[in-house]
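[1] this is a predicted model, with the sequence first.
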Amino acid sequence: MNAMATPDRPSLRERKKLKTRAAIRKAAYRLVAAQGYDATTIEQIAAAAEVSPSTVVRYFPVKEDILLSDDQDALLVDRLRARPADEEPLDSLRTVILDAVSAALAEDPAETLLRARFLVEVPAVRARFTETTAETGRLLSGAVAERTGRDPDDLEVRVFTAAVLGALREATVHWAEHGRGDELVTLLDRTVDTLKGGLTLRSPSHRPGRARP
């Protein structure tokens with residue numbers, strides 16, 4: 001093992017990689033915010049980040065990923081596996097995802113708000129967000145399967161994980177579209193409550209026991 005690395009501290013090489021990724025992302029955010037997504041080129045991002053265009057492509061093969069990737073998937077899987085064994089899978093997913101979102105908001109709220117702006121303004125970014133959410137769901141399916149004693153390719157596991165991640169994606173887009181006035185974590189929490197309630201949806205005027213016309 002590299003002497004510079006510990007279970008809690010990445011190696012020097014890994015830290016350099018993370019620093020490079022962060023520099024590329026921040027450069028892209030500045031440029032896209034100032035001049036628009038379509039007008040921003042890989043070459044411009046590379047120059048602003050002081051790296052080569054090939055380095056940008058090596059770290060982010062898809063341009064949209066520069067604005068979306070937060071390097072959290074592996075951490076989400078680890079945290080999901082670490083949840084109590086007797087916890088309901090939906091509650092486990094709620095905890096690890098809401099904790100990750102809360103941390104991102106606390107660490108760099110400006111970047112989170114910019115990402116929301118790009119989701120609304122750039123169709124390519126929104127389309128890629130849908131793809132990456134599905135990819136995250138497939139990764140989390142493995143941990144969900146382990147916790148429930150199922151095969152990762154079981155239909156129920158795939159549907160469950162895709163439904164949860166898809167619903168949380170939609171809540172995130174809703175938050176971005178509506179001026180980001182509500183707390184994102186609160187909206188995500190409400191989303192899980194909706195799933196947990198069995199997807200029952202009634203009119204706002206409905207009250208239990210009220211006679212239907």
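    Good, I have the coordinates. Numbers count the residues shown, from 1 in each chain.

[2] kindly state the pLDDT recorded for the residue nearest in space to the middle of the chain?
    The residue at the geometric middle of the chain, judged as the C-alpha nearest the mean C-alpha position with C-alpha atoms, centre = their mean, is residue 133 (6.5 Å). Model confidence at residue 133, expressed as pLDDT, equals 91.

[3] excluding chain neighbours, what is closest to it?
    Distances taken as C-beta to C-beta, 6 or more residues apart in numbering place residue 169 nearest to residue 133, at 4.3 Å, with adjacent residues excluded. Heads up, the C-betas are built off the backbone N, CA and C, glycines and all.

[4] who does the helix or strand hosting that neighbour touch, helix- and strand-wise?
    Residue 169 is part of helix 155-177, with elements assigned from DSSP states H and E. Judged by 3 or more C-beta pairs under 8 Å, 6 or more residues apart in numbering; DSSP states H and E, the packing partners of helix 155-177 are helix 89-107, helix 109-121, helix 123-148, helix 184-196.

[5] report the contact partners of residue 56.
    Contacts were defined as C-beta atoms under 8 Å, 6 or more residues apart in numbering; by that measure residue 56 touches 24, 42, 45, 46, 49, 66.

[6] just these: which are in helices?
    24, 42, 45, 46, 49, 66 (DSSP state H).

[7] against residue 25, how distant is the fifth one?
    Residue 49 sits 8 Å away from residue 25, going by C-beta to C-beta, to the nearest Å.

[8] how about residue 149?
    Taken as C-beta to C-beta, the span from residue 149 to residue 25 is 39 Å.

[9] before we move on, what about residue 143?
    In this structure, residue 143 and residue 25 are separated by 26 Å, where distance is defined by C-beta to C-beta.

[10] any buried residues in the worst-scoring helix or strand of the chain on mean pLDDT, and which?
    Considering only helices and strands, the least confidently modelled element of the chain by mean pLDDT, DSSP states H and E is helix 109-121, at a mean of 86. Neighbour-count burial for helix 109-121, counted by 16 or more other C-beta atoms under 10 Å, picks out 111, 112, 114, 115, 116, 117, 118, 119.
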